[in-house]
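>>> turn this into a model:
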Amino acid sequence: MRIPRILAALLVGAALLTVPATPAAADDVVRAEVESLQVVSSTAPVEAQSNCCGVDWSAGRQLWLRAGRAGDSVTVSLPSVPAGQYDIGAVLTRAPDYGTLRFAVDGVAVGQLFDGHASTVRRVEAVPVGSASLTAGVHRLTVTVSGRSGASTGFFAGLDTISLRRVGPLASVTTTAYETVAETPARGPLTRIYDPSVGESAPWYFNDHTIVRNQQTGLWHAIGITHAEPGAPQDERIFGHATAPTPTGPWTKRPPALTASIKSGEHWIWAPHIVYDRGVYYMFYAAGSPDFANYRMHLATSTDMFTWDRTNTTLFTDGWEGRDPMVTRVGDRWVMYYTATSNPQGGNHVVAYRTSTDLRTWSDRGIAYTSPHTGRAGGQTESPFVVRRGDWWYLFVCCDGTDYGAAYRRTAVYRSRDPLRFEGAEKVTVLDAHAAEVVVDGDNWYLSHAGWGQGGLWLAPLTWSSGVVARGYQVNTNFLRADVRTWPHTRIASLAVDPGGTGVFRAALDSSHRGTGPYLAVGRFDVTDRAGPPARVDVSADGSRLNLVGIRMGDEPVTADWLLTVSPRWTGPGLQSDVTWSVDGPTTAPVWEAAFNVDGALPAVGDPALAARPTGDADGFPMWTMTSGPGLSLVTAHRWNSAWRGDNTWYDAGHSMAAWQPLWRNGGLEWSPGRYAGGTWRLAATGVERDTAFANTVHVAVNAVP
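A predicted model of the protein is given here:
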């Protein structure tokens, strides 16, 4: 309802402050009547409104912002306080015609949204406004009407009192923007070098393949899956074969290199890869059968690449559809990369690896890369290929995206200094190619392309040049080191902490799976829409607050604002996270998850109920989650009701990860346009494993309001 206008003084110029005449002692609360603070600027009429409508405000008045639209704001001078880290609270008003508010100190956001709508006029005590590091001197609070809930009839705002409690010394933070430049590959124009349809009565395709040079003769060989169109994976029983004097041709069709042998357990054969060692060519390939959880990795050998021997055929089994082997030399051993799933019955698509010293006996599997996407069969880890450039290793892997048809020709490239660990590695580029192989001929590099409906085998120049592969901010205090990545995807890429402040930092967060930050799942569970780059980044003058504004969530009409606030001692090294969501239109499918993920670097993840949670769901939100290990715990404490809903917490024991899901709905739901408070979490570290007393203290601290 519209409150009748009350005759009041329009706030202009200086006014009396209800604050102590002398600076407050540490931990004292400074309170001020907002209507008595100096108004610095306003885009709508501002009044000191006297008690009305059954509400008695402190000192009999409130500051009334008569906003007419989203975006209207008022800025006031905060009361003078000693330098320090402050939690800010307020007494605010709700009414039928009030809007949703967002707060900022000195132009950079603090805290969460406040929904001012209620069916009747009411005074709301103890509203957490946010946290800020304040130097001695003048600071300004801006209150902006960001919108209104669907039931509200207006955009007004009412502010009664503001309170500031000092909770620690002035933050000493160094926040530095960075840009990482590194070598990245680029694909030139494709040229078709081989058409398997030649000599056939119908079109044929060439799919996963290998291109290798005979070390004795210099002749190049291309061997790969071939079959009449259209694609028929369970009927692919021969490896086509062609030869050429150079990788660019001309290529001559040869009799098939290998035919599936039922006697050897090969119902179909896929994805050959050949390496040379001491006079012998080793061809590794997947032997398919109706048991998709136990595909067999097979070996054939040759001395000339025309005739192949299946001696010691089966090397190991793996699934779902363990296939697409690629072998390279790493130091004193061979490494075989291949695609599979996190367990043989399905799960996350992974690039698995095994090692060998003789190319015949292979180790148990390790995981080089885990896709956030789950399923069976074709996924985001097909056709892995690893090459080295200087100190860096590059993983080429298909097919990048959740729509397999659209992703079929998208090969993502990741880089890492460790050839066995691409978890958390930056995606440096995406190349237009399917089943890509990297071919090196002297100083010339090439990228191949083939597949169903592609008309044969193609080759393109592969060039390497320096380019930007990452942007972000390094945030440093005596107690923490954070890498806040803003490009190509937004997340906390890593967080190292030192609870003692002695300069000995240990990893507490990493990017071993999703990284730490907001994400969406649209149309199904799990990450479908990652946090892209923000539209802008606001950094406070002292570097203690970073507000990443307008983070686009994949291709959905949804953005997130993510505020990170740093303190040297918030009951331990502190980093506070506030997420707000903006939905600007209908999503492409029902929304299953809108979440904030915490990707731990310590061995266990738990909460008050269980020290080590197994992978799975837990209804609602706990007081806190904790990743912990010997001599270190990182607590993520939740501010109660700081998110518009609190449906579920999902744990991933293998990555020590907890995903806080304000929105979780099996089958999804329609997410109405609007602005949503996404939740407040305070992350703090202690040098004690499974320190529940510390965790409870952090929870109390984040829920305390001046």
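>>> packing partners of the longest helix belonging to the chain?
Using DSSP state H, we find that the single longest helix of the chain is helix 692-703. Identification of packing neighbours for helix 692-703 by 3 or more CB pairs under 8 Å, 6 or more residues apart in numbering; DSSP states H and E yields strand 624-629, strand 632-638, strand 674-686. From N, CA and C alone the C-beta is placed, and that goes for glycine too.
>>> which one of those lies nearest to residue 588?
For residue 588, the closest of the helices and strands packed on helix 692-703 is strand 674-686, at 17.8 Å, according to CB to CB.
>>> by contact count, what packs against the closest one?
strand 108-115, strand 140-147, strand 574-583, strand 591-599, strand 632-638, strand 657-669, helix 692-703.
>>> could I get the average pLDDT for the fourth one?
Spelled out, it's strand 591-599. For strand 591-599, mean pLDDT rounds to 97.
>>> and what of stretch 96-109?
98.
>>> quick one: end-to-end distance for it.
Taking CA to CA, to the nearest Å, stretch 96-109 runs 26 Å from one end to the other.
>>> distance from the chain centre to that stretch, please.
Mean-position distance between stretch 96-109 and its chain equals 28 Å (CA atoms, centre = their mean, to the nearest Å).
>>> can you point out the buried residues in that stretch?
Neighbour counts over stretch 96-109 (16 or more other CB atoms under 10 Å) mark 96-106, 108-109 as buried.
>>> right, and the helices and strands packed on strand 674-686 - which one's nearest residue 171?
Nearest of the helices and strands packed on strand 674-686 (CB to CB): strand 574-583, 9.1 Å.
>>> that closest one - contacts with which helices or strands?
Here strand 574-583 touches strand 108-115, strand 558-567, strand 591-599, strand 674-686, going by 3+ CB pairs under 8 Å, 6+ apart.
>>> what's the angle from that strand to strand 108-115?
Counting by axes from the mean of the first three to the mean of the last three CA atoms, to 10 degrees, strand 574-583 lies at 60 degrees to strand 108-115.
>>> which residues touch residue 601?
Contact analysis of residue 601 by CB atoms under 8 Å, 6 or more residues apart in numbering lists 494-495, 507-510, 512, 627, 656.
>>> neighbour-wise, which one of those residues leads?
residue 508 (31 neighbours; other CB atoms under 10 Å).
>>> I'd assumed it was in a strand, is it?
Yes: assessed by DSSP: H, G, I helix; E, B strand; the rest coil, residue 508 belongs to a strand.
>>> ok, back up a step: got CSV for the contacts of residue 601, with pLDDT too?
Formatted as CSV, those follow (pLDDT from 0 to 100):
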residue, pLDDT
494, 93
495, 95
507, 93
508, 95
509, 94
510, 89
512, 75
627, 97
656, 92
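>>> could I get the residues you listed as TSV with distance to residue 307?
Shown next, in TSV, are the contacts of residue 601 (distance: CB to CB, whole Å):
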residue	distance to residue 307
494	51
495	56
507	52
508	56
509	54
510	48
512	45
627	55
656	51
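>>> any idea which of those is the one closest to residue 44?
For the contacts of residue 601, the minimum distance to residue 44 (CB to CB) is 40.6 Å, reached by residue 495.
>>> residues in contact with the closest one?
480-483, 507-509, 516, 575, 601, 634, 683.
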